[in-house]
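Participant: Mind folding the following:
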Amino acid sequence: MREQKYYVGLKSLIDTNAISHFLWKDHRFYPGFEKPSYSFTMAQISKISGGALLNNRLIELVPVEEEA
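Facilitator: Take a look at the predicted model:
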């Protein structure tokens with residue numbers, strides 16, 4: 001069984017139900033277009049900026065759907 005992967009989503013400041021998926025790279029966000037290769041495990045996410053993403057209210061972790 002594979003470890004769950006997540007897209008790092010950015011919540012809108014205006015509408016917290018609006019989430020955009022982005023690729024985190026080089027301490028910047030780039031549009032990720034929901035590509036599985038742009039997803040991360042929880043262990044990887046917790047290492048990014050010393051776990052700062054996990055404490056950010058504007059970040060949403062969106063589980064990647066497993067392909068059948």
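Participant: all strands for this protein, in order.
Facilitator: Applying DSSP state E to the chain gives strands spanning 5-11, 19-25, 28-31, 40-41, 59-63.
Participant: What is the burial count for residue 17?
Facilitator: Counted with other C-beta atoms under 10 Å, the neighbours of residue 17 add up to 7. Glycine gets a C-beta too; all of them are placed from N, C-alpha and C.
Participant: Single out the most deeply packed of the strands of the chain.
Facilitator: Compared across those, strand 5-11 shows the largest average neighbour count, a mean of 19 (mean count of other C-beta atoms under 10 Å).
Participant: Who is residue 41 paired with across the strands?
Facilitator: For residue 41, the beta-bridge partners under DSSP bridges are residue 5.
Participant: quick one: it and residue 51, what's the gap?
Facilitator: For residue 41, the distance to residue 51 (C-beta to C-beta, to the nearest Å) stands at 14 Å.
Participant: How far does stretch 11-20 stretch from one end to the other?
Facilitator: This stretch, stretch 11-20, spans 7 Å end to end (C-alpha to C-alpha, to the nearest Å).
Participant: Relative to residue 47, which of the strands of the chain is closest?
Facilitator: strand 40-41 (9.2 Å; C-beta to C-beta).
Participant: Show the pLDDT at the nearest residue to residue 11 once chain neighbours are set aside.
Facilitator: Distance criterion C-beta to C-beta, 6 or more residues apart in numbering; nearest residue to residue 11, sequence neighbours excluded, is residue 58 at 4.9 Å. pLDDT for residue 58: 81.
Participant: got a list of what residue 58 touches?
Facilitator: 10-11, 13 (C-beta atoms under 8 Å, 6 or more residues apart in numbering).
Participant: so which of those residues comes closest to residue 66?
Facilitator: residue 10 (23.4 Å).
Participant: Hmm, residue 3 is touching residue 41, no?
Facilitator: Yes - the pair residue 3 and residue 41 qualifies as a contact (C-beta atoms under 8 Å) at a distance of 4.9 Å.
Participant: Distance of the residue nearest the centre of the chain relative to residue 28?
Facilitator: The centroid of the chain falls nearest to residue 8 when counting by C-alpha atoms, centre = their mean (0.9 Å). According to C-beta to C-beta, residue 8 stands 12 Å off from residue 28.
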